[in-house]
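Novice: show me the folded form of this:
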Amino acid sequence: MAVRASWPAARSFSIKPALAFRKAAAPRGPVESRDARHRPAIVSAGVADPVLDTLLLPFADGLLPWPRVGGALLRGARAGAALQRQAWPGLVCATDLKPDADALQRAGLPLAAGDDGRRHPLVLLLPPRQREQARALFARALEELAPGGTLVACMPNREGAASGQADLARLAGPLQVLSKHHCRVFWTQPLAGAADPTLAAQWRALDAPRPIADARVPGGRFRSRPGVFAWDRVDPASALLAEHLPADLAGHVADLGAGWGYLAGQVLARCPRVSALDLYEADARALSLARDNLVAWGAGVPLAFHWHDVAAGLPRCYDAIVSNPPFHAGGRESRPDLGRAFIAAAAAALQPGGRLWLVANRQLPYEAALAAGFAEVRTVVQRDGFKVIEARVPAGRTGDDRGRHR
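Specialist: You can find the predicted model right below:
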């Protein structure tokens, strides 16, 4: 249902007055403020990220103070120049995505250790595009605020910034807003809690797993939640690959980019000679669903669940691998390099004679990557805009031939 624009009017700032405010407020001469320990110290720079830059703009422009005590929590965190070129005292980062977690650790930025129940004077949030997930995160972030705390969120304009601003205003009351880099940062007044606790509770519950209403998942056996890939359905590419899985797939098998577990479940149902199955998934929320779905199913073979960036390579070898690799990374742009990285990781991790069963959009250019890593490649079927490919590594290659990533 569409949200009507009935929230309180937001206050907007232009860039130039904010910059003028910062210049006027700067002390003259070599005067050292007693609060200098709370000012950013220059460190190594990282990759430019317009969304992160805009998220932190209210602090750079003097519109918001950084907390002197209690630190801050950044949800949806990712490493970027805005975080790495300055030290933000007491900042703790949280992310569900393993590539982002790895990059944050490499940058020396501390990661939150699960849900520790702490409340923070400042919570920073990079909401996702998926609206139900974003609403649940707004409600969660308000729960994580200390009394009198401030919630700051930023979204790209083309990924739902206006809707996100409207939703947070419904929960928290009047907002202040600043725009730059085709993004919008918006923040609350100091809060003692949600302005609408009933709505906050409803939106917090949107993150709860729920049965998937898809005939290909009989009896509501599998559960999912907003924000994971194909969260409320079986995506047609995975269904096409499942339809063509060979019954003779055997041994220790891996599913790369396992999502909430549909394809792994089909491997277990259709391939009785599989002796063990490892699931690799970069999204911790999806991996948790896959674990619950498959363990509840009672597969009868050993299962392992890895929160892992497949593009970085695999830690062991397999007799066979199945995959519906991602081709987007948080935005709208196509990222065929992700699929190529999955193909390279699979080729390096397969035992001699091992097979990769892959599904992809028909137009994605994976042929060169497949030819580079495999001795035999064949297209099994093309249908509905997708292609299923079987690729086999040489039966006689040695460990040195694999060149496996570590």
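Novice: drop to CA atoms for contacts and neighbour counts, all remaining ones
Specialist: OK.
Novice: partner strands of the helix or strand hosting Lys387, with direction?
Specialist: Element membership for Lys387, per DSSP states H and E: strand 386-392. Within its sheet, strand 386-392 is paired with strand 350-361 (antiparallel), strand 376-383 (antiparallel), according to DSSP bridges.
Novice: neighbouring contacts of it?
Specialist: Residues outside strand 386-392 that contact it (CA atoms under 8 Å, 6 or more residues apart in numbering) are 237, 240-241, 244, 353-362, 370, 374-382.
Novice: what mean pLDDT does it have?
Specialist: Strand 386-392 shows a mean pLDDT of 97.
Novice: next one: that strand to chain centre, how far?
Specialist: 27 Å (CA atoms, centre = their mean, to the nearest Å).
Novice: CA atoms only for that strand - export them in CSV, please.
Specialist: Presented in CSV, the C-alpha positions along strand 386-392 are these (Å, rounded to 0.1, in the frame of the first residue of the first chain):
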residue,chain,number,x,y,z
PHE,A,386,18.6,-18.5,-18.7
LYS,A,387,21.2,-21.0,-19.6
VAL,A,388,22.3,-24.1,-17.6
ILE,A,389,25.9,-25.1,-18.2
GLU,A,390,27.9,-28.2,-17.2
ALA,A,391,31.7,-27.7,-17.0
ARG,A,392,34.3,-30.4,-16.2
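Novice: now Arg135, nearest residue through space, not along the chain?
Specialist: Spatial nearest neighbour of Arg135, chain neighbours left out: Trp203 (5.7 Å); criterion: CA to CA, 6 or more residues apart in numbering.
Novice: how many neighbours does the one you found have?
Specialist: Trp203 has 21 neighbours, counted by other CA atoms under 10 Å.
Novice: using the three-state scheme, assign Arg118.
Specialist: coil (DSSP: H, G, I helix; E, B strand; the rest coil).
Novice: count the neighbours of it for me.
Specialist: Arg118 has 11 nearby residues by other CA under 10 Å.
Novice: isn't it right up against Glu143?
Specialist: No: the criterion here is CA atoms under 8 Å, and Arg118 misses it with Glu143 at 9.7 Å.
Novice: relative to Ala395, how far out is Phe342?
Specialist: Distance, Phe342 to Ala395, by CA to CA, to the nearest Å: 21 Å.
Novice: repeat for Leu338
Specialist: 26 Å.
Novice: neighbour count: the two, which is higher?
Specialist: Leu338 (17 against 11).
Novice: tell me the contacts of the more buried one?
Specialist: Leu338 neighbours (CA under 8 Å, 6+ apart): Ala311, Pro325, Pro326, Phe327, His328.
Novice: among those, name the buried ones.
Specialist: Buried subset of these (neighbour count, 16 or more other CA atoms under 10 Å): Ala311, Pro325, Pro326, Phe327.
Novice: farthest pair within the residues you listed?
Specialist: Ala311 and Phe327 (12.0 Å; CA to CA).
Novice: so for the helix or strand harbouring Val152, what's the average pLDDT?
Specialist: Using DSSP H and E, Val152 falls within strand 145-156. Mean per-residue pLDDT for strand 145-156: 96.
Novice: next: stretch 207-215.
Specialist: 87.
Novice: quick check: next helix or strand after the helix or strand bottoming out on mean pLDDT in the chain?
Specialist: Lowest on mean pLDDT, DSSP states H and E among the helices and strands of the chain sits helix 15-25, with a mean of 32. Next along the chain after helix 15-25, taking DSSP H and E as the criterion, comes helix 50-55.
Novice: and the contacts of that next one?
Specialist: In contact with helix 50-55 (CA under 8 Å, 6+ apart) are residues 80, 82-83, 124, 152-156, 179-181, 183-185.
Novice: among those, name the buried ones.
Specialist: Using 16+ other CA under 10 Å, the buried ones in the contacts of helix 50-55 are 80, 82-83, 124, 152-156, 179-180, 183-185.
Novice: turn the residues you listed into a markdown table, including distance to Gln266.
Specialist: A markdown table is the format used below for those (distance: CA to CA, whole Å):
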| residue | distance to Gln266 |
| --- | --- |
| Gly80 | 38 |
| Ala82 | 43 |
| Leu83 | 42 |
| Leu124 | 39 |
| Val152 | 42 |
| Ala153 | 39 |
| Cys154 | 39 |
| Met155 | 37 |
| Pro156 | 37 |
| Ser179 | 46 |
| Lys180 | 46 |
| Cys183 | 41 |
| Arg184 | 42 |
| Val185 | 43 |
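Novice: check which helices and strands the helix or strand containing the residue nearest to Arg135 sits against.
Specialist: Using DSSP H and E, the element containing Trp203 is helix 197-204. Contacting helix 197-204 under the criterion 3 or more CA pairs under 8 Å, 6 or more residues apart in numbering; DSSP states H and E are the following elements: helix 131-143, helix 161-172.
Novice: among those, which is nearest Arg273?
Specialist: Here helix 131-143 is closest among these (CA to CA), at 38.2 Å.
Novice: to Gly257, which of the helices and strands packed on helix 197-204 lies closest?
Specialist: helix 131-143 (20.1 Å).
Novice: gap between that closest one and the chain center?
Specialist: For helix 131-143, the distance to the chain centre is 15 Å (CA atoms, centre = their mean).
Novice: leaving out sequence neighbours, find the closest residue to the most centrally placed residue in the chain.
Specialist: Nearest to the mean C-alpha position of the chain, counting by CA atoms, centre = their mean, stands Leu97 at 4.1 Å. Nearest non-adjacent residue to Leu97, counting by CA to CA, 6+ apart: Asp283, 4.8 Å away.
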